[in-house]
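Q: below are the sequence and a predicted model for it; my questions follow.
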Amino acid sequence: MQSGQIGGAFTRDISMGGMCAWRLPSDERCASVARSLVRGGAGPLGLERDIVEDAVLAASELVTNALNHGLRSLGGAAPVPPELWVWARATPKPQLVVSVFDACRVFQPDTAPKSELDEHGKGLGIVSVLADSWGAHLSRSWAENAVQGKVVWCTFALPQPWPRRPIAAPPMATAGHLASTLRSRGLNVVEGYGRRVAVVSALVEARRELNVWIEPGHLSYNAGATRVRRPIVDLYDTAEDIVRWSEAARPQG
């Protein structure tokens, strides 16, 4: 398939709680395309120039790592191309989240090359220096019929206060959007609606559902023994958490 946008909104909508997902080329153009997309996505967010350039460089390193180590073919077809995802979140603190997906579910980071001539691991070492935080987890594609794989992500500080003004939406609309997002990622989901609240129930493992309660300005759910309450601007970050929990519960092998 050709590279291009596969999900989410326009980059200017990231500041309003939107996200963007792009399929990247599976060749040497991958890093340059990612740099251009991240620069365009970060532009409207009011970030300092140095932070934008850090995010651009980190994205370039992540997609290069995915291209070199993460390309996988499915059933004899062409390799699944990497994907670039960008959104903003308000919790645990205001951050721009830059993620790269590939179809390889194995992740063994090496952020400390053994010598200056050892290239393996330098990309993630650079990311660990540039970003506020970074990590990796099992996930699913936004395209390619929700192919299973992993995502490597990194975050960068957003100007505060964030968002610049409170964001609210009818619970029914937010619940419908969250439910459709999770279904597109391969999860089994049901919805329920009340007068001022809605609930989205996602099956994250056998016989266990995660219930996300949605109010006009917030969503809440239980993460283990902890009750989590987040603004609706964090919808996509919450959706990715749910996908992560679902994938972690799947038998590996």
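A: In hand now; what should we look at?

Q: am I right that residue 242 is in a helix?
A: Yes - the assignment for residue 242 by DSSP: H, G, I helix; E, B strand; the rest coil puts it in a helix.

Q: name the helix or strand for the residue lying closest to it once chain neighbours are set aside, please.
A: For residue 242, the nearest residue in space outside its immediate sequence neighbours is residue 202; the separation is 5.3 Å by CB to CB, 6 or more residues apart in numbering. Placement of C-beta: from N, CA and C, glycine included. Taking DSSP states H and E as the definition, one finds residue 202 inside strand 198-205.

Q: what packs against that strand?
A: Counting contacts by 3 or more CB pairs under 8 Å, 6 or more residues apart in numbering; DSSP states H and E, the secondary-structure elements packed against strand 198-205 are helix 171-184, strand 189-193, strand 208-214, helix 235-248.

Q: hmm, 10 Å instead?
A: Of the remaining helices and strands, those touching strand 198-205 by 3 or more CB pairs under 10 Å, 6 or more residues apart in numbering; DSSP states H and E are helix 171-184, strand 189-193, strand 208-214, strand 218-223, helix 235-248.

Q: deepest of these, which one?
A: For these, the stretch with the most neighbours on average is helix 235-248, a mean of 21; neighbours defined as mean count of other CB atoms under 10 Å.

Q: still on that earlier bit, quick one: buried residues of the strand holding residue 202?
A: Under the neighbour-count criterion of 16 or more other CB atoms under 10 Å, strand 198-205 has 198-200, 202-204 buried.

Q: looking at the helices and strands packed on strand 198-205, which is nearest to residue 82?
A: Nearest to residue 82, of all the helices and strands packed on strand 198-205, is helix 235-248, at 16.3 Å by CB to CB.

Q: quick one: the closest one to strand 189-193, angle?
A: Here helix 235-248 runs at 140 degrees with respect to strand 189-193, directions being taken by axes from the mean of the first three to the mean of the last three CA atoms, to 10 degrees.

Q: report the angle between helix 235-248 and helix 171-184.
A: Orientation check (the same axes, to 10 degrees): helix 235-248 against helix 171-184 gives 40 degrees.

Q: what does the average pLDDT come to for helix 235-248?
A: Confidence over helix 235-248, taken as the mean pLDDT, stands at 96.

Q: in PDB, list the C-alpha atoms belonging to that helix.
A: The C-alpha atoms that make up helix 235-248 are tabulated as PDB, following Å, rounded to 0.1, in the frame of the first residue of the first chain:
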ATOM      1  CA  LEU A 235      -9.200   9.900  24.500                       C
ATOM      2  CA  TYR A 236      -6.600   8.500  22.100                       C
ATOM      3  CA  ASP A 237      -4.000   8.000  24.800                       C
ATOM      4  CA  THR A 238      -6.700   6.100  26.800                       C
ATOM      5  CA  ALA A 239      -7.600   4.000  23.700                       C
ATOM      6  CA  GLU A 240      -3.900   3.000  23.300                       C
ATOM      7  CA  ASP A 241      -3.700   2.000  26.900                       C
ATOM      8  CA  ILE A 242      -6.700  -0.300  26.400                       C
ATOM      9  CA  VAL A 243      -5.200  -1.800  23.300                       C
ATOM     10  CA  ARG A 244      -1.900  -2.300  25.200                       C
ATOM     11  CA  TRP A 245      -3.700  -4.100  28.100                       C
ATOM     12  CA  SER A 246      -5.600  -6.300  25.700                       C
ATOM     13  CA  GLU A 247      -2.400  -7.300  23.800                       C
ATOM     14  CA  ALA A 248      -0.500  -8.000  27.000                       C
END
